[in-house]
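J.: Below is the sequence, then the predicted model.
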Amino acid sequence: MDVQLLQTVPMDRVEQLLDDPGWCLQQKYDGQRCLIQCKGGQVVAQHRNGMPMEMGDMVDALPTERDYTLDAEAAWGKLWVFDEISNPAAPYVDRLTAAARLVAEIADERIVAARTWRKPAGKRQAFAAMKAAGVEGVVLKRLDAPHAAGTCVDRAVRYKFVRRIEAVILGMSPNGKQSIVIGLYDEDGDGPLNSGSVPLASVDQLRQVQAALAAGVHPVVEVEYLYVTKNQRLFQPRFIRVRPDKTAGPGSCGAAQLVGTHAGEHDGPDLAAELAAEQEQEKADTKKAKSDKKRGKKAETPVLAYVLYGFTALILLLVGCSRLLRTFSAVGGGVRRGASFGGASRGSDDGGGDW
């Protein structure tokens, strides 16, 4: 399965995504992208180009009881897992959850789930902290997006923390390539000390630098880089321009300009623990809702019973009254008929008839 690639976006787009709760933030690890597939109890690791990848004894720590495909990055002696793509149609939040749960089952501390921030406030705080720490950059991913091979700007993007410094040119690189060696002054003002080489992008830049060095001038140059390695070298340096308005010295070319000492791990939330806590909270909320509903039904039962009892009593009362009225009516009618019959007899006795 092909990996999902990242498209670099400008800062204004990053600003939008940091405030969008539908996107999450992760650190961009400067390592080797890899796919780890377990099928039929066999674990195979490969680079993103499909070539086999050697992972040493770290492979032995991976579970083999079920099939899975992990998308990860090997960096600084660790394996950072950020996706489980066995079901590419599933939204990223579900695949990320599956990856975190699988990693939580592994006892090897070298295999970890990528630190992930989902809330806007947490994303902004982490973004600022990682930039200050000197990491390479960040990755932003849409939580409801399915996995797709290749570059998809609406699913996953990256932003690199590009930094600039001013350094003095010590000379041309001895490796024969079209590169210069730059130097910086340390905290005590000693130097300039060799800080690595920077490739030149054009023949014009090469001629400009060579002319200055031939004249005995060591010009100050502006250089762009991503971060500083552990041995104090610039990672992915890029020549920007010569600064004829600057003079080399501790003030303009000091090592204090460097941000961060190396691109290491930036600590963040443990996603597996966070998701477990959310699930426990959901269970507690569901249990409470059911309990409240049950108590509500119990509270409603007496009231309903009283209403039914009252209604039944009223019906019985009305039926009883109706029967009583019919009884009185029948008795009254009988008395009146008896009086009529008595009157007729008396008339006959008095000789009031034809008899």
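T.: All right, it came through fine.

J.: C-alpha from now on. contacts and neighbour counts both.
T.: Fine.

J.: and the longest strand along the chain, which strands flank it?
T.: Longest strand of the chain, by residue count under DSSP state E: strand 163-172. In the sheet, strand 163-172 lines up against strand 179-184 (antiparallel), strand 220-225 (antiparallel) (DSSP bridges).

J.: measure W80 to I106 for me?
T.: Distance, W80 to I106, by Cα to Cα, to the nearest Å: 13 Å.

J.: Common neighbours of those two, please.
T.: Between them, W80 and I106 share no contacting residue under Cα atoms under 8 Å, 6 or more residues apart in numbering.

J.: that older thread, can you list contacts of the longest strand of the chain?
T.: Strand 163-172 is contacted by residues 178-184, 192, 194, 213, 218-227, 248, 252-254, 257-259 when judged by Cα under 8 Å, 6+ apart.

J.: Kindly write the ChimeraX command that selects the buried subset of those.
T.: Selecting the buried subset of those in ChimeraX, with 16 or more other Cα atoms under 10 Å as the burial test, is done by:
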select :178,179,180,181,182,183,184,192,194,213,218,219,220,221,222,223,224,225,226,227,248,252,253,254,258,259
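
J.: Could you look up the SS state of K123?
T.: K123 carries the three-state label helix when classified by DSSP: H, G, I helix; E, B strand; the rest coil.

J.: what's near enough to touch it?
T.: Applying Cα under 8 Å, 6+ apart to K123 gives the contacts 18, 24-25, 117.

J.: And it, what's its pLDDT?
T.: On pLDDT, K123 comes in at 95.

J.: can I get the strands paired with strand 163-172 in a markdown table with distance to K39?
T.: Output for the strands paired with strand 163-172, formatted as a markdown table (distance: least, Cα to Cα, whole Å):
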| stretch | distance to K39 |
| --- | --- |
| strand 179-184 | 47 |
| strand 220-225 | 41 |
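
J.: closest to V203 out of those?
T.: strand 179-184 (11.1 Å; Cα to Cα).

J.: about what we covered before: could the strands paired with strand 163-172 go into JSON lines alongside distance to I240 and mean pLDDT?
T.: As requested, these are exported to JSON lines (distance: least, Cα to Cα, whole Å; pLDDT from 0 to 100):
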{"stretch": "strand 179-184", "distance to I240": "12", "mean pLDDT": "94"}
{"stretch": "strand 220-225", "distance to I240": "5", "mean pLDDT": "93"}
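
J.: Helix or strand: which one has R101?
T.: Assigned by DSSP states H and E, R101 belongs to helix 92-104.

J.: Mind checking what helix or strand follows that helix in sequence?
T.: Sequence order places strand 111-113 as the next helix or strand after helix 92-104, per DSSP H and E.

J.: Which residues in that next one does the neighbour count mark as buried?
T.: Using 16+ other Cα under 10 Å as the burial criterion, the residues of strand 111-113 that qualify are 111-113.

J.: Could you single out the nearest of these to G150?
T.: Distances from G150 to the buried residues of strand 111-113, taken by Cα to Cα, are shortest for A113, at 22.6 Å.

J.: Quickly list what the closest one is bridged to.
T.: Residues in beta-bridge contact with A113 (DSSP bridges): V81.

J.: isn't it right up against A100?
T.: Yes. The criterion here is Cα atoms under 8 Å, and A113 meets it with A100 at 5.5 Å.

J.: picking that back up, need the CA coordinates for the longest strand of the chain. PDB is fine.
T.: Provided in PDB are the C-alpha atoms of strand 163-172 (Å, rounded to 0.1, in the frame of the first residue of the first chain):
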ATOM      1  CA  ARG A 163      15.000  29.900  10.300                       C
ATOM      2  CA  ARG A 164      17.600  32.300   9.200                       C
ATOM      3  CA  ILE A 165      21.000  33.300  10.500                       C
ATOM      4  CA  GLU A 166      24.000  35.400   9.400                       C
ATOM      5  CA  ALA A 167      27.400  33.800   9.200                       C
ATOM      6  CA  VAL A 168      30.800  34.500   7.800                       C
ATOM      7  CA  ILE A 169      32.200  32.600   4.900                       C
ATOM      8  CA  LEU A 170      35.400  30.800   5.900                       C
ATOM      9  CA  GLY A 171      36.200  29.500   2.400                       C
ATOM     10  CA  MET A 172      35.000  27.100  -0.300                       C
END
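
J.: Brilliant, that's me finished.
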